[in-house]
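pasting the structure only:
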């Protein structure tokens, strides 16, 4: 099969600096493939995330000799955010014994969920993918911390309702979404809440082909005048939507996104973007010792593809957070098993025992970077609180206290969705994997 490890010349050079050639097959290293997309209409979102993921892991190699004294083999596979290419990437990396796979696409994640238990490779779909896979008793190989798309939706709606979703009764809520697995994921919860609470839900799906041509959707939005407009966008859809909102003179303080728009998405719309809001759960900027180490040991030494002004952006730091989870899962696996070179089965156990509290973040050089995260055998998410940040024309400013999910509403629906998934997939196995935190 033709390899899908489609790296640019610059990318191949940067990656080759992480470890010597052929190290992916060394028996004294740990292989960590990264599914990325640095090309095409989704590159605006994919590139900074890829840079953050790659740079943090490379920094650990340079500063600490890897994790637990074991070097990490960091390898990228270009998916173009295409499910078919993502599956080809999976087939390419599987023989190299990866300890984890990061699909970075809800579509790819959904396709890999049935494979994970068979191939003994855990899937980390950080804050994306199938929300119901937070249920570790049903999905022992899938992890989606720190919050699901359903959690995020309830947090946005709680914020819009001044702390209560019930306050939205009688309101019109718009939903502008990328019309693919990602954008469709929260719709069942959205529809259930609309029916229960009594708000009027308006859907504005944006096809992949129309990400940069949303004018018809914005005509509908101007006609409907939603009291709140929620966005689940990706790639070129995000800056286009923000620009269209400015053109349509939509009140930017009523335009709230899930956690994916980057600094450049907002900045591209000029001063009119002031007031645009999004959820987040971690810090922005570079005022953290770990980020300083990345700058000194990786970026400044030419072992990165990252432009200097990208370090510290929302999505770059999102990639860093993702790699923190990878490294912590490996470290926990080493602790649990007593082994230095761990396997995918070991790292699955590590992912079930993540405990990132304030003290641990400080020890990692990320003091104050994010709130606590704790996973268990039965909770693969943590359902963490988030906050609203607002674009002030040049940077993001935190404008809310922490907002937890509406657990009383979300959890029963999440439980039901997980059971439905298992029932619809004939022969879905009952959990038999070891649990270290009963």
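Okay, I see it. Quantities reported herein were computed from a predicted structural model and do not represent experimental measurements.

please enumerate the strands of the stretch 201-350 of the chain.
Assigned by DSSP state E, counting those that start in this stretch, the stretch 201-350 of the chain shows strands spanning 228-232, 255-257, 277-280.

so for the longest one, mean pLDDT?
Across strand 228-232, the average pLDDT comes to 98.

when you give positions from now on, start the count at 500
Let's use 500 as the start, then, which means that last one is strand 727-731.

contacts for that strand?
In this structure, residues lying in contact with strand 727-731 by C-beta atoms under 8 Å, 6 or more residues apart in numbering are 648, 652, 655-656, 659, 667, 670, 672-677, 681-682, 684-685, 720, 737, 740, 744, 749, 753-757, 759-760. Just so you know, the C-beta spots here come from the backbone N, C-alpha and C atoms, and that holds for glycine as well.

circling back to that earlier point, I'd like to know which of the strands of the stretch 700-849 of the chain is closest to residue 919.
Using C-beta to C-beta as the measure, strand 727-731 is the one of the strands of the stretch 700-849 of the chain that comes nearest residue 919, at 21.5 Å.

quick one on the thing from earlier: let's have the strands of the stretch 700-849 of the chain in a markdown table, adding mean neighbour count and distance to residue 596.
As requested, those are exported to a markdown table (neighbours: other C-beta atoms under 10 Å; distance: least, C-beta to C-beta, whole Å):
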| stretch | mean neighbour count | distance to residue 596 |
| --- | --- | --- |
| strand 727-731 | 25 | 35 |
| strand 754-756 | 23 | 38 |
| strand 776-779 | 24 | 34 |
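
how about those in CSV, adding distance to residue 699?
Shown next, in CSV, are the strands of the stretch 700-849 of the chain (distance: least, C-beta to C-beta, whole Å):
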stretch, distance to residue 699
strand 727-731, 11
strand 754-756, 17
strand 776-779, 21
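
closest to residue 929 out of those strands?
Nearest of the strands of the stretch 700-849 of the chain to residue 929, taken as C-beta to C-beta: strand 727-731 at 32.7 Å.

adjacent strands (with direction) for the closest one?
Sheet pairing here is set by DSSP bridges, and for strand 727-731 it gives strand 671-677 (parallel), strand 754-756 (parallel).

residue 840 is nearest to which of these?
Taking C-beta to C-beta as the measure, these were each checked against residue 840, and strand 671-677 came out nearest at 39.2 Å.

need the helices for the stretch 500-649 of the chain, in chain order.
Assigned helices in the stretch 500-649 of the chain, in chain order: 508-515, 542-563, 582-592, 605-618, 648-659 (criterion: DSSP state H, counting those that start in this stretch).

hmm, residue 560 is touching residue 568, no?
No: using C-beta atoms under 8 Å, residue 560 is not in contact with residue 568, being 11.0 Å away.

these two: which is more packed in?
Neighbours were tallied for residue 560 and for residue 568 using other C-beta atoms under 10 Å; the higher tally belongs to residue 560 (22 against 10).

how close does the more buried one get to residue 659?
When C-beta to C-beta, to the nearest Å is the yardstick, residue 560 and residue 659 sit 43 Å from each other.

also residue 533?
Distance of residue 533 to residue 659, given as C-beta to C-beta: 35 Å.

tell me, how many residues neighbour residue 936?
When neighbours are counted by other C-beta under 10 Å, residue 936 registers 12.

any regions of the stretch 800-937 of the chain where pLDDT drops low?
937 (pLDDT under 70).

quick one, helices of it?
For the stretch 800-937 of the chain, applying DSSP H, counting those that start in this stretch gives helices covering 813-836, 843-850, 857-862, 906-923.

domains in the chain, by residue range?
By the assignment in automatic domain parsing, the chain contains the domains 508-646+783-883, 648-779+885-908.

hmm, back to that, could you export the helices of the stretch 500-649 of the chain as a markdown table, including mean pLDDT and distance to residue 817?
A markdown table is the format used below for these (pLDDT from 0 to 100; distance: least, C-beta to C-beta, whole Å):
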| stretch | mean pLDDT | distance to residue 817 |
| --- | --- | --- |
| helix 508-515 | 39 | 19 |
| helix 542-563 | 98 | 6 |
| helix 582-592 | 98 | 19 |
| helix 605-618 | 97 | 15 |
| helix 648-659 | 98 | 13 |
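
so which of the ones you listed gets nearest residue 733?
Comparing these under C-beta to C-beta, the one sitting nearest is helix 542-563, at 5.6 Å.

next, the buried residues of that closest one.
If you call a residue buried by 16 or more other C-beta atoms under 10 Å, then helix 542-563 has these buried ones: 542-561.

what do you get for stretch 806-813?
Residues 809-813 are the ones in stretch 806-813 that count as buried (16+ other C-beta under 10 Å).

hmm, which two among those are most spread apart?
Once C-beta to C-beta is applied, these give 810 and 813 as the farthest pair, at 11.7 Å.

which ones are touching residue 540?
With the criterion set at C-beta under 8 Å, 6+ apart, residue 540 makes contact with 707, 710-711, 734-735.

which single one of those is nearest to residue 779?
Each of the contacts of residue 540 was checked against residue 779 using C-beta to C-beta; the closest is residue 734, at 18.5 Å.

just send the buried residues of stretch 806-813 back as JSON lines, with distance to residue 778 too.
Compiled in JSON lines, the buried residues of stretch 806-813 are given as follows (distance: C-beta to C-beta, whole Å):
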{"residue": "809", "distance to residue 778": "21"}
{"residue": "810", "distance to residue 778": "22"}
{"residue": "811", "distance to residue 778": "19"}
{"residue": "812", "distance to residue 778": "16"}
{"residue": "813", "distance to residue 778": "11"}
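
and which of these is nearest residue 927?
Within the set of these, residue 813 lies nearest residue 927; the separation is 36.2 Å, counting by C-beta to C-beta.
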